[in-house]
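Visitor: Predicted structure and sequence below. I'll ask about it afterward.
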Amino acid sequence: MHTFRYGVGRRVAGVALTCSLGVMLGSPQLVMADATYKLGATAGVDYNSNLFDIAKGVPLPEGVSTRYDTIQDYSASGEANLTDPVGSILLQAKATRFDYEHNSYLAHTEETFGGLLRWHPGTVFDLQLQYGYERAMAPFAQTLTTALALDTSQSISAVIGVNLTPVWRLELNPTDHIMDTPLLGLSPGPGQPVVNFPNFNLEEKGGSVSLNYLGQAHMTAGLQLSYADGVFSQIAEATKYTQYGIAFLAKYKVNDLSNLTATIGYTSRNTVANPAGSLTGGDLGGLIENFVGDVGKTGGLTGNIAYTHTLSPKTTIDLNAFRNLVTYIAGANTMLATGVSADVTWRPDSKFDFTVGGQWEEDDFLGQVIGEPISSRVDHAYSAHLRMHYAVFPWLYIGPNITYTERDSNYALAGYSGYDAGVYVSATLQ
C-alpha cells in the first residue's frame with residue numbers, strides 16, 4: 001500500500017465518510033468519528049546517465065535522442081483518514097507528471113489510488129479490506145526496449161483475523177491481482193519485424209492461511225500455507241501456473257536495541273501452456289521459432305530475513321536477505337530472486353537523516369524470455385545509494401540522493417551500468 005497525503009473538501013468529505021463508516025460497521029447509531037486530512041506536493045529533478053539501461057557499446061535506436069536525460073517530476077497527493085472506536089477508513093491518492101529534457105516522447109503521468117478499511121468490533125474478530133490501483137511506466141531494465149509502456153495494476157485483498165485463545169491467532173488472507181503490462185518493440189533480430197503485445201496481462205488469485213502463537217513476550221511465531229493461481233494472456237506461447245508454499249514465521253525482539261523478522265519455507269510452482277490465452281499468426285514466426293518457454297515444475301527454499309540493530313542513539317543498521325520465486329512480468333517467466341541488502345542510517349537530530357547502503361541480487365530465469373535468443377538467463381545486479389532527508393520546517397522537506405546500478409548477464413543486451421542523481425522538495429499541509 002502506498003502512502004500519500006490529501007486535504008481537499010475537508011467538511012464535505014468528513015460528513016460523507018462518517019456516515020459511510022457508521023453504516024459499514026453496523027453501528028446502532030451514527031458514530032462521530034475523528035477525521036484527518038493531508039495535502040501534499042512534491043517537485044523533483046533527476047539526471048540519469050543511462051536512461052534506457054542500454055548495454056555498453058550498443059548503438060541508440062532510431063528516434064532516441066540521447067543515452068542520458070534530465071527528468072523533472074511534479075506530484076500532488078492526498079489522504080483522508082477517518083477513525084472511530086471500532087474501525088477506520090483510509091483513502092489515498094497521488095498523481096505525478098514526468099517531463100524529459102531530451103527524449104520528450106517519454107513524457108507521461110502516473111497515478112495511484114488506494115483504500116483501506118479496518119474493523120475490530122471486539123477482541124475475538126477483526127477484518128481488513130484493501131484496494132489498490134496504480135498506473136506507472138514499466139522499467140527499461142525489464143522491458144529492454146526504448147518504448148514508453150504504461151503498466152496498470154489493480155489489487156484487492158483481505159485479512160480476516162480470529163483470536164482463538166489469548167495466545168493463538170488464525171489469519172486468512174485472500175488476494176486478487178490483475179496487471180495489464182504492454183510489451184512493445186520486441187524483435188527476434190536485426191532486419192526482423194518488430195512485434196508488439198499491447199494487451200499482455202496477468203491475473204493472479206490466491207491467498208494464505210496462518211496460525212500464529214503470541215504467548216512469548218519477546219517472540220511471536222507461526223506457520224503459513226499459501227496458494228496462487230496465475231494466468232498470462234494476450235502473448236505468444238502464453239502460460240499459466242499454480243503455486244504452493246509453506247513457511248515458518250517468526251518475529252523476535254533480541255533486546256531493546258535489536259529486532260529480527262524471518263519467513264523461511266518452501267515454495268513450489270508448476271507452469272503449463274495456456275493455448276486459450278496465446279496469440280498466433282502475423283509476424284510472430286521469427287519471434288517464437290525454436291522458442292522454449294517457461295513450462296514445468298520448479299521449487300526450493302524461499303524466505304526473507306530482516307535484522308535491525310541500533311548502534312547508537314543516532315545510528316541504526318538494517319540487514320536483509322531474501323530468496324523468492326517471483327513472476328517476471330516482462331516475459332511471462334518464473335524467476336528465482338536471491339539477494340542481500342544493507343543500510344546504515346544516521347540521524348544527528350530530529351530534522352536530518354542520512355542513509356548509505358547497497359544491494360546485491362541474482363536473478364535466475366526459468367525457460368526462455370520471449371524476444372531473447374537464450375534460455376536460462378542469469379542476471380547479477382549491484383547497487384549503492386546515498387540519500388539525505390532534511391526537514392527545513394515541519395511541513396517542508398528536501399532530499400538529495402544518488403544511486404549507482406550495475407548489472408551483468410549471460411544475455412549481453414541485459415547488462416548495463418549507470419547512475420541517477422537528483423533532489424526533491426516536498427511540502428505537506430494538514
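Guide: Sure, I can see it. Numbers count the residues shown, from 1 in each chain.

Visitor: give the contact list for the closest residue to D364 other than its chain neighbours.
Guide: Spatial nearest neighbour of D364, excluding adjacent residues (C-beta to C-beta, 6 or more residues apart in numbering): L336 at 4.4 Å. (C-beta placed from N, C-alpha, C; glycine too.) Residues in contact with L336, defined by C-beta atoms under 8 Å, 6 or more residues apart in numbering, are T298, G300, R323, N324, L325, V326, D363, D364, L366.

Visitor: pLDDT wise, what is R10 at?
Guide: R10 is assigned a predicted lDDT (pLDDT) of 23.

Visitor: same thing with Q430?
Guide: According to the model, Q430 scores 80 on pLDDT.

Visitor: Okay, and the beta partners of the closest residue to it other than its chain neighbours?
Guide: Spatial nearest neighbour of Q430, excluding adjacent residues (C-beta to C-beta, 6+ apart): K38 at 4.3 Å. K38 has these beta-bridge partners by DSSP bridges: E79.

Visitor: pLDDT score for the residue nearest to D364?
Guide: pLDDT for L336: 94.

Visitor: Against V326, how distant is it?
Guide: 8 Å (C-beta to C-beta, to the nearest Å).

Visitor: Overlap in contacts, those two.
Guide: Common neighbours of L336 and V326 (C-beta under 8 Å, 6+ apart) do not exist.

Visitor: circling back: are any of the contacts of L336 buried, and if so which?
Guide: Buried by 16 or more other C-beta atoms under 10 Å: T298, R323, N324, L325, D363, L366, out of those.

Visitor: From D363, how far off is the third one?
Guide: Looking back up the chat, that one is N324. 11 Å.

Visitor: so what's the backbone phi/psi at the closest residue to W395 other than its chain neighbours?
Guide: Excluding the flanking residues, the one nearest W395 by C-beta to C-beta, 6+ apart is T428, at 5.1 Å. With angles defined as degrees, to the nearest 10, T428 sits at phi -130, psi 130.

Visitor: So in terms of bridging, what pairs with T428?
Guide: Beta-bridge partners, per DSSP bridges, of T428: G40.

Visitor: same deal with N333?
Guide: Beta-bridge partners, per DSSP bridges, of N333: Y328.

Visitor: Pull up the distance across stretch 60-79, start to finish.
Guide: Counting by C-alpha to C-alpha, to the nearest Å, you get 42 Å between the two ends of stretch 60-79.

Visitor: same deal with stretch 308-323?
Guide: Start and end residues of stretch 308-323 are separated by 19 Å (C-alpha to C-alpha).

Visitor: Sort out which residues of it are buried, please.
Guide: T308, T316, L319, N320, F322, R323.

Visitor: Can I get the residues you listed in JSON lines including pLDDT?
Guide: Output for the buried residues of stretch 308-323, formatted as JSON lines (pLDDT from 0 to 100):
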{"residue": "T308", "pLDDT": "96"}
{"residue": "T316", "pLDDT": "97"}
{"residue": "L319", "pLDDT": "98"}
{"residue": "N320", "pLDDT": "98"}
{"residue": "F322", "pLDDT": "97"}
{"residue": "R323", "pLDDT": "97"}
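
Visitor: What is the most widely separated pair among these?
Guide: T316 and R323 (24.4 Å; C-beta to C-beta).

Visitor: follow-up on the earlier one: show only the entries of the buried residues of stretch 308-323 found in strands.
Guide: Within the buried residues of stretch 308-323, residues falling in strands by DSSP state E are T308, T316, L319, N320, F322, R323.

Visitor: partners of the third one in the sheet?
Guide: What that stands for is L319. Applying DSSP bridges to L319 gives these bridge partners: Y307, A342.

Visitor: What residues does it make contact with?
Guide: L319 makes contact with A306, Y307, T308, H309, V340, S341, A342 under the criterion C-beta under 8 Å, 6+ apart.

Visitor: Give me the buried subset of the residues you listed.
Guide: In the contacts of L319, the ones that pass as buried (16+ other C-beta under 10 Å) are A306, Y307, T308, S341.

Visitor: Let's see the pLDDT reported for the last one.
Guide: Put plainly, it is S341. For S341, the predicted pLDDT is 98.

Visitor: Moving C-terminal from the helix or strand harbouring E203, which element do we reach first?
Guide: Element membership of E203, judged by DSSP states H and E, is strand 201-213. Note on strand 201-213: by DSSP H and E, the next helix or strand toward the C-terminus is strand 219-233.

Visitor: Next SSE downstream of that next one?
Guide: On the C-terminal side of strand 219-233, the closest following helix or strand by DSSP H and E is strand 239-255.

Visitor: Residue ranges of each domain in this structure, please.
Guide: Following automatic domain parsing, the chain resolves into domains at 1-115+392-430, 153-376.

Visitor: Can you check which residues contact both of N324 and D363?
Guide: Here N324 and D363 have L336, A337 as joint contacts, going by C-beta under 8 Å, 6+ apart.

Visitor: where do the helices sit along this protein?
Guide: Ranges of helices in the chain, per DSSP state H, are 10-24, 140-143, 285-288.

Visitor: Mean pLDDT lowest where, among these?
Guide: Across the helices of the chain, helix 10-24 gives the lowest mean pLDDT, at a mean of 33.

Visitor: that older thread, out of the contacts of L319, the closest to V167 would be?
Guide: For these, the nearest to V167 is A306 (24.0 Å; C-beta to C-beta).
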